[in-house]
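Asker: Structure, please.
(one chain, ligands or ions: 1)
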Amino acid sequence: MKNTIRITTALTLFITLISCSSDDNTPQEVTDPVAHLQMVETLNEGSFDIELYSETDQLHVGYNALSIRIKDNTSKKYIENAAVDWNPVMHMTSMQHSCPKSEISVSEDKTVYTGFVVFQMPGNSEEYWNLKIDFNINGEAYSVSKKINVVGSTDDYRTVNVFMGNDENRYVLANIPADLSVSVNDFEAVLFKMENMMDFSVVENYIIEIDPRMPGMNNHSSPNNEHLSYDAKTGIYKGKLSLTMTGYWKINLKVLNNNAQAIKGEDVTEENEASSIYFDLSI
Ligand SMILES: [Cu+2]
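Answerer: Coordinates of the predicted model:
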């Protein structure tokens, strides 16, 4: 008797489940467009919350791919197709400066706005970054700014080089973080010229030479690397980085201008074990 009841219950449940799913012929796919990201800051302006998302849990020195959403706290909805602009400024004890940044564009999901920022240095107890975000909704302009926390890179690895070229221009060169493995990897970087303290422009058609070495293993190199060249479509530099084993690598760099003249960086030789500009990483 008990068994019969159990079977009947199970059967009823089974039928209910089947009928439920067959009734539901208009499945609503609720996908969160920022589910793979982490919210690192919220800026509040009146009834709007501006949410800043990153792939990492904190803003850090180097290249940061960022996403922004604007939430209307009255309707609880995210605003689509707003015009968004940003400006990060570092307030140092002796001066203020900005950093390289992209424009912000609307992504496939129209409530998500994306771009990148290259922070050259972390904040500290006396010096800090301030992020200003301007946005325009239905012709109405809004502006909000907030002190943001920018930390140093993991393991103190160099992910950005700020240097003066022998052409007397200042440059910012940052690698774009990627999952690297023992293989020939896609390797990308952005190169900006510092026009003044607040303005940075994309440098076009230079060449970024790479020479990866393992300093812990007689400074050996790897085959099949490809120098980074400018991709006009995306405005970034792309090449191939060959890593032949796991461990610590120093990616020595040399920057060549449009006339193929080196403006910064030195060859690695028997006498010179590293270039003055480099990225380092471990896999
Ligand atoms: Cu600074």
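Asker: where do the strands sit along the stretch 151-283 of the chain?
Answerer: Under the criterion DSSP state E, counting those that start in this stretch, the stretch 151-283 of the chain contains strands at 160-164, 170-175, 183-194, 200-202, 207-213, 226-231, 236-243, 248-256, 262-264, 278-282.
Asker: Including mean pLDDT, could those go into a markdown table?
Answerer: Formatted as a markdown table, the strands of the stretch 151-283 of the chain follow (pLDDT from 0 to 100):
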| stretch | mean pLDDT |
| --- | --- |
| strand 160-164 | 98 |
| strand 170-175 | 98 |
| strand 183-194 | 98 |
| strand 200-202 | 98 |
| strand 207-213 | 98 |
| strand 226-231 | 98 |
| strand 236-243 | 98 |
| strand 248-256 | 98 |
| strand 262-264 | 98 |
| strand 278-282 | 96 |
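Asker: closest one to the ion among these?
Answerer: strand 160-164 (9.6 Å; C-beta to the ion). Yep, even glycine has a C-beta here, placed from its N, CA and C like the rest.
Asker: Shouldn't residue 40 be within a strand?
Answerer: Yes - under DSSP: H, G, I helix; E, B strand; the rest coil, residue 40 sits within a strand.
Asker: contacting residues around it?
Answerer: 52, 53, 54, 56, 57, 58, 59 (C-beta atoms under 8 Å, 6 or more residues apart in numbering).
Asker: I'd like the mean pLDDT over stretch 50-67, please.
Answerer: Computed over stretch 50-67, the mean pLDDT rounds to 97.
Asker: Next, the buried residues of it.
Answerer: By 16 or more other C-beta atoms under 10 Å, the buried positions in stretch 50-67 come out as 50-54, 59-67.
Asker: Tell me the one among the residues you listed nearest to residue 131.
Answerer: residue 52 (7.6 Å; C-beta to C-beta).
Asker: ok, that closest one to the ion distance?
Answerer: 20 Å (C-beta to the ion, to the nearest Å).
Asker: Give me the distance between the residue in the stretch 1-150 of the chain that the ion sits nearest to and residue 45.
Answerer: Of all residues in the stretch 1-150 of the chain, residue 90 sits closest to the ion, at 3.9 Å by C-beta to the ion. Distance from residue 90 to residue 45, counting by C-beta to C-beta, to the nearest Å: 22 Å.
Asker: sorry, back to before: switch the contacts of residue 40 over to a markdown table; also include distance to residue 142.
Answerer: Putting the contacts of residue 40 into a markdown table (distance: C-beta to C-beta, whole Å) gives the following:
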| residue | distance to residue 142 |
| --- | --- |
| 52 | 15 |
| 53 | 19 |
| 54 | 22 |
| 56 | 27 |
| 57 | 27 |
| 58 | 26 |
| 59 | 22 |
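Asker: Might you enumerate the residues of the stretch 151-283 of the chain proximal to the ion?
Answerer: Nowhere does the stretch 151-283 of the chain come near the ion, counting by C-beta under 5 Å from the ion.
Asker: Is residue 122 in a helix, a strand, or coil?
Answerer: Quick answer, by three-state DSSP: residue 122 is coil.
Asker: just checking, it touches residue 148?
Answerer: No - contact criterion C-beta atoms under 8 Å: residue 122 and residue 148 do not qualify, at 11.2 Å.
Asker: Which among the strands of the stretch 151-283 of the chain is found nearest to residue 144?
Answerer: strand 200-202 (22.5 Å).
Asker: ok, that closest one: who's next to it in the sheet?
Answerer: Within its sheet, strand 200-202 is paired with strand 183-194 (antiparallel), according to DSSP bridges.
Asker: can you give me the end-to-end distance of stretch 94-103?
Answerer: Using C-alpha to C-alpha, to the nearest Å, the end-to-end distance of stretch 94-103 comes out at 28 Å.
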